[in-house]
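Q: sharing a model prediction with you, sequence too.
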Amino acid sequence: MGRRVVALAAQDPDFEIVAAIEHADCSDLGHDAGLLAGIPAVDIPVASQWPGFADAVIDFSLPSAVDGVIANCIAAKIPLVMATTGLSPEQKNQLAEAAKTLPIVWAPSMSLAVNLTMKLAQQVAATLKDVPGGMDVEILERHHRYKADAPSGTALRFGELIAQQLGDDIRHVHGREGETGQRSRNEIGYHAIRVGDNPGEHTIVFGMLGEKIELNVGASNRDCYASGALTAAKFLKDREPGLYSMFDVLGLS
Ligand SMILES: NC(=O)C1=CN([C@@H]2O[C@H](COP(=O)(O)OP(=O)(O)OC[C@H]3O[C@@H](n4cnc5c(N)ncnc54)[C@H](OP(=O)(O)O)[C@@H]3O)[C@@H](O)[C@H]2O)C=CC1
Ligand SMILES: O=C(O)C1=N[C@H](C(=O)O)C[C@H](O)C1
């Protein structure tokens, strides 16, 4: 994702790339971030040192890097777009705490299409929650074989938003195997598929007796996430401290 953010930011006159951060053992250290991204040189070598200034940081990394990212943003007072998924509850609390002094956009998907589909899913859940015969929700997600976390942050967020519509007693159930017995009525099921180079696809199934609705949203490539993150970075300029979502950025709140 870092490469696509660099490539798209370099094409946008609103952006100046001031740093490209990796960990201290990374073999790309010292190499030009533009050349690594497959575009002409941008004269920014990949570094493990943080810059003293920037208008925003965009983070697509790993949960193990996120504590350091938050600490560096606080120290240098840099607004943050947090796109990394698989964060621990403690890290989510750290983000909320940091947002008392910094503007932060935090979202498991920066994609416009995904965020719009989340709004549709909320509407479907609210409309069908008391349908005669009941309604079952299952969330299927497909991603590339390199993905480190499962289910996707996006799938979990779909589940949270739908659960908010359905009530307090929803259980989140991951996979299904063996003598499971009948499906309970108060669960949301998650199924994570890992195949090839899939850039991300989510299907939300609302199954009733006699009919079903499926919301499907999928990326053709990863630029929807990179360009969404850049839109979020623009949103942060001159913004008050606070924890913002992509719904806020996209005017979907
Ligand atoms: N919100 C959204 O829209 C999206 C979120 N994501 C999420 O973004 C994250 C990254 O995805 P992706 O780019 O595919 O993953 P990659 O593994 O390709 O990239 C992560 C990068 O972070 C580097 N890294 C590891 N530790 C540190 C550190 N301490 N400081 C700086 N950099 C570090 C890794 O280096 P090395 O390889 O050497 O370990 C690697 O280059 C994932 O959590 C993914 O789920 C992805 C797409 C969209
Ligand atoms: O790792 C990925 O690729 C993606 N991760 C995010 C997630 O976990 O939801 C967003 C997107 O689906 C791509």
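A: Nice, I can see it. Residues are numbered from 1 along each chain as shown. Ligands and ions are numbered 1, 2, ... in the order given.

Q: confidence score at the residue positioned nearest the centre of the chain?
A: Nearest to the geometric centre of the chain sits residue 108, at 1.7 Å (CA atoms, centre = their mean). Note on residue 108: pLDDT of 98.

Q: same question for residue 111.
A: At residue 111, pLDDT is 98.

Q: please name the nearest non-neighbouring residue to it.
A: Leaving out its chain neighbours, the residue that sits closest to residue 111 by CB to CB, 6 or more residues apart in numbering is residue 224, at 4.2 Å. (Glycine included, C-beta is placed from N, CA and C.)

Q: about what we covered before: quick one: contacts for the residue nearest to the centre of the chain?
A: The contact partners of residue 108, taken as CB atoms under 8 Å, 6 or more residues apart in numbering, are 83, 85, 152-154, 156-157.

Q: show me which pair in the residues you listed is furthest apart.
A: Within the contacts of residue 108, two members stand farthest from each other by CB to CB: 83 and 156, at 14.5 Å.

Q: so which of those two has more stuff around it?
A: Neighbour comparison, residue 83 and residue 156: the larger count goes to residue 83, with 24 against 20 (by other CB atoms under 10 Å).

Q: contact residues of the stretch 1-150 of the chain facing ligand 1?
A: Counting by CB under 6 Å from any ligand atom, the residues of the stretch 1-150 of the chain close to ligand 1 are 1, 21-23, 26, 60-62, 65, 68, 83-86, 107-110, 149.

Q: can you do 5 Å?
A: 1, 22-23, 26, 60-62, 65, 83-85, 109-110 (CB under 5 Å from any ligand atom).

Q: cool, and the stretch 151-253 of the chain?
A: residue 225.

Q: drop anything exposed from the residues of the stretch 1-150 of the chain next to ligand 1.
A: The neighbour-count test (16 or more other CB atoms under 10 Å) marks 1, 22, 60-61, 83-85, 109-110 as buried among these.

Q: quickly check the residues you listed for the two that are furthest apart.
A: Maximum pairwise distance among these (CB to CB): 23.4 Å, between 22 and 109.

Q: show me the contacts for residue 155.
A: 139, 141, 190, 192, 202.

Q: give me the pLDDT for the closest residue to ligand 1 within the stretch 151-253 of the chain.
A: In the stretch 151-253 of the chain, the residue that lies nearest ligand 1 is residue 225 (3.5 Å; CB to the nearest ligand atom). Here the pLDDT value assigned to residue 225 is 98.

Q: surely it meets residue 3?
A: No - the pair residue 225 and residue 3 fails to qualify as a contact (CB atoms under 8 Å) at a distance of 12.0 Å.

Q: who has more neighbours out of those two?
A: Regarding residue 225 and residue 3, a neighbour count based on other CB under 10 Å identifies residue 225 as having more, with 22 against 18.

Q: ok so the more buried one is a strand residue?
A: No - Residue 225 sits outside any strand when classified using DSSP: H, G, I helix; E, B strand; the rest coil, being helix.

Q: quick one, what contacts the nearest residue to it once chain neighbours are set aside?
A: Closest residue to residue 225 apart from its sequence neighbours, by CB to CB, 6+ apart: residue 110 at 4.6 Å. Contacts for residue 110 were tallied using CB under 8 Å, 6+ apart; they are 81, 83, 224-229, 231-232, 246.

Q: what's the closest of the residues you listed to ligand 2?
A: For ligand 2, the nearest member of the contacts of residue 110 is residue 225. The distance, counting by CB to the nearest ligand atom, is 6.0 Å.
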